[in-house]
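S.K.: how does the following fold in three dimensions:
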Amino acid sequence: MNLYDALVRPAGQLTHEVPKFSLTAAEVILLRSIHGDDGVVQLRRSKSQGSIHDVTERERLKAVYGEKAFARVFGSTFGSQLPQEVPPDWMAGAVPAAEPDLPPETVAAPERPVLSRKPAESAAAR
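M.R.: Predicted structure coming up:
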C-alpha cells in the first residue's frame, strides 16, 4: 500500500494548512471528500512505506472520520478492497492534460473596445 504526505486545507481554506504524513490512499480520498478537491494539496509519495491491512485501515478511518463519512465515500460493504493508490493527476507537480490543438479560425480573439476621441477643442473656440 502506498503512503502519501500532503498539506490539508480544512474546508479548502487557503490560509490554513495542516501537514499530514503517511496517509493511505483511502485517507487521501476521504480527506478530499470532506475538505474539497483543493483541500488536499502538495500530495507526494511518502518516503516511508508500509503494509497496512485493509480491515485495520477501514476501522481506523471509521474511528477517525466517522462511520457516515466513511460509508458516504466507500460504501458500507465489508468485503470491498480500499484503494491502494491515488490517481496520478492528484500528485504534486502533475501536468494537467494538454488542451486540444484547435485550428486558428476556431479560436476567437478577445474583443478590443474601439476607442474614439473627440477632437480637441481649440482654446479660441471657448
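
S.K.: surely Tyr4 and Ser46 touch.
M.R.: Yes. If you go by Cβ atoms under 8 Å, Tyr4 and Ser46 touch, sitting 5.5 Å apart. All C-beta atoms are positioned from the backbone trio N, CA, C, and that covers glycine.

S.K.: neighbour count for these two, which is higher?
M.R.: Using other Cβ atoms under 10 Å, the more surrounded residue of Tyr4 and Ser46 is Tyr4, with 22 against 16.

S.K.: quick one: secondary structure of the more buried one?
M.R.: At Tyr4, secondary structure determined by DSSP: H, G, I helix; E, B strand; the rest coil is strand.

S.K.: now the helices for the chain?
M.R.: 25-35, 54-65, 67-74 (DSSP state H).

S.K.: what packs against the shortest one?
M.R.: Based on contacts counted as 3 or more Cβ pairs under 8 Å, 6 or more residues apart in numbering; DSSP states H and E, the elements that helix 67-74 packs against are helix 25-35, helix 54-65.

S.K.: only alpha carbons, please: show the last one as CSV.
M.R.: Read it as helix 54-65. Taking C-alpha atoms only, helix 54-65 is exported to CSV below (Å, rounded to 0.1, in the frame of the first residue of the first chain):
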residue,chain,number,x,y,z
ASP,A,54,-7.4,-3.2,4.7
VAL,A,55,-9.5,-4.3,7.7
THR,A,56,-7.2,-2.4,10.1
GLU,A,57,-7.2,0.7,7.9
ARG,A,58,-11.0,0.6,7.4
GLU,A,59,-11.6,0.5,11.2
ARG,A,60,-9.0,3.3,11.8
LEU,A,61,-10.7,5.6,9.2
LYS,A,62,-14.1,4.9,10.7
ALA,A,63,-12.9,5.8,14.1
VAL,A,64,-11.1,9.0,13.0
TYR,A,65,-13.6,10.3,10.4
